[in-house]
Each structure stands twice: as C-alpha cells, then as structure tokens.
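Q: sequence below, structure please.
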Amino acid sequence: MPGYMARVEERFANRFEAAGDGYVFRANLRAVGYPFSAEERDHAVSEFKRRYVWLTWGFSAATISIFMTVVWLFFSQSDHVPDAAIYLVLGVCAGLYLIPFYWLWNAPVRLCRDRVQGVEGRTTGEARRVAFERLTWTQLGTTVLLVGLMLWRVSARANLLVGWNRLWLLLGAATLVLVVVQAIRKLAAQIRK
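A: Take a look at the predicted model:
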C-alpha cells in the first residue's frame, strides 16, 4: 500500500505545474490554471500527504474492525459467512472512504475560489498529450497482470467456456484491447514528441 499511496501523492503534486518562480494549479488536465506561490504549493502538498496517510490508515483499521465484527456476528450464528455480507461491508467502507478523500483531493480547488485565473485551459489535444505523458508503462503492465489474475481467480470457481461465464472472457479481452490501444496511443505520442 505505501507504493500506491506514493503514486496518489505524486498525482496530487503533479496538479501543480512549475511556472517561473511559482506554480500553476489545474484541477484537471483541461481546467484553467490558478497561480500558487512555491510556499502555498508546498503547504498544500504536505497537508494532503499528512491527511491522506491518516485517512488511509484510519479507514484501513476501521474496515478491518468492521469486517472482523461482521464475521464474528455470523460465526456466532452459524459456520458460514455469506459472500454478500463481505461485499456489502467492503462496498460501504469504500464508499465512506471516497467522501473524505475527494474532499482532501479538492482542497486546492477551494483555495482557488477567490483567485483570478492565471492560465487558460488546455485544448483537448494538449490535455491528451499530457495524459499520455503521465500514463506509465507500469500501469499498463499492471492492468494486464490484473486481467490474468481475475480470469485465474474466476476460473477456480467456474468453467469460463460454459454459459454466462464466457462474459468474464469477454470482459478480459475488452480490457486487454483497451490496454493495447492505450499503449499504441502512448507510443505514438512519444514518437511525435
């Protein structure tokens, strides 16, 4: 999880682009830019990192506690914990995690409400170029591995070549096609550069 947390922190910091002796903050790739001083940017990034660590580890501990409580409650009634209960707990916890996460993620946006816009928004082509620069080969490779892992996990429970289970193969194939298309587009963007 620390590697994932570092990538999220890096993505947050990348929203501040160096411009002269300060920075320009963009809420997304096509958004207008707002000027930030180096001190303001450093403060925003350090606050995000600090609060993000607390949020992530706090929700991890809460999720484990809730999960253990649900398992204990079901085991006190019978020897079986329904899969639906586990998925429900994980879904509710993930949803509750996203609310404060997006509040943290959008903290610089709230700071920009009273500022004058400094830089125009990017065109679609410029935003696409920046997106492909930020997309890493590791992310694409990890997606391929996750598709393989998903298919292997599902195949342990069901025959993927029978009935509706073939939809898992279709989902995996569609995801791999998407990865290949994105890889080709990234490579083409690198060659044009």
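
Q: in the longest helix along the chain, what counts as buried?
A: Longest helix in the chain, counting residues (DSSP state H): helix 38-77. Using 16 or more other C-beta atoms under 10 Å as the test for burial, helix 38-77 gives 40-41, 44-45, 48-49, 52, 56, 59, 63, 67, 70. Where C-beta positions appear, they are placed from N, C-alpha and C, glycine not excepted.

Q: let me know the closest of those residues to residue 26.
A: Distances from residue 26 to those, taken as C-beta to C-beta, are shortest for residue 41 (12.3 Å).

Q: quick one: contacts for that closest one?
A: 16, 22-23, 25 (C-beta atoms under 8 Å, 6 or more residues apart in numbering).

Q: rerun that using 6 Å as the cut-off
A: Residue 41 sits next to 16, 23 when contact means C-beta atoms under 6 Å, 6 or more residues apart in numbering.

Q: separation between it and residue 82?
A: Applying C-beta to C-beta, to the nearest Å, the value for residue 41 to residue 82 is 48 Å.

Q: before we move on, what about residue 151?
A: Separation of residue 151 from residue 82 (C-beta to C-beta): 25 Å.

Q: looking at those two, which one has more neighbours?
A: residue 151 (16 against 11; other C-beta atoms under 10 Å).

Q: I'd assumed residue 172 was in contact with the more buried one.
A: Yes. Between residue 151 and residue 172 there is a contact under C-beta atoms under 6 Å: 5.1 Å.

Q: so which two of the buried residues of helix 38-77 are the farthest from each other?
A: 40 and 70 (43.5 Å).

Q: average pLDDT for stretch 9-21, rounded please.
A: In this model, stretch 9-21 has a mean pLDDT of 88.

Q: got it, and stretch 42-57?
A: Mean predicted lDDT for stretch 42-57 stands at 94.

Q: dump that stretch to CSV, restricted to CA.
A: C-alpha atoms of stretch 42-57 as CSV (Å, rounded to 0.1, in the frame of the first residue of the first chain):
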residue,chain,number,x,y,z
ASP,A,42,4.4,23.0,-0.7
HIS,A,43,1.9,23.6,2.1
ALA,A,44,-1.0,22.2,0.1
VAL,A,45,1.1,19.1,-0.9
SER,A,46,2.3,18.4,2.6
GLU,A,47,-1.2,18.9,4.1
PHE,A,48,-2.6,16.4,1.5
LYS,A,49,0.1,13.9,2.2
ARG,A,50,-0.3,14.1,6.0
ARG,A,51,-4.1,13.9,5.9
TYR,A,52,-4.1,11.2,3.2
VAL,A,53,-1.9,9.0,5.4
TRP,A,54,-4.2,9.4,8.4
LEU,A,55,-7.3,8.8,6.2
THR,A,56,-5.9,5.7,4.5
TRP,A,57,-4.6,4.0,7.6
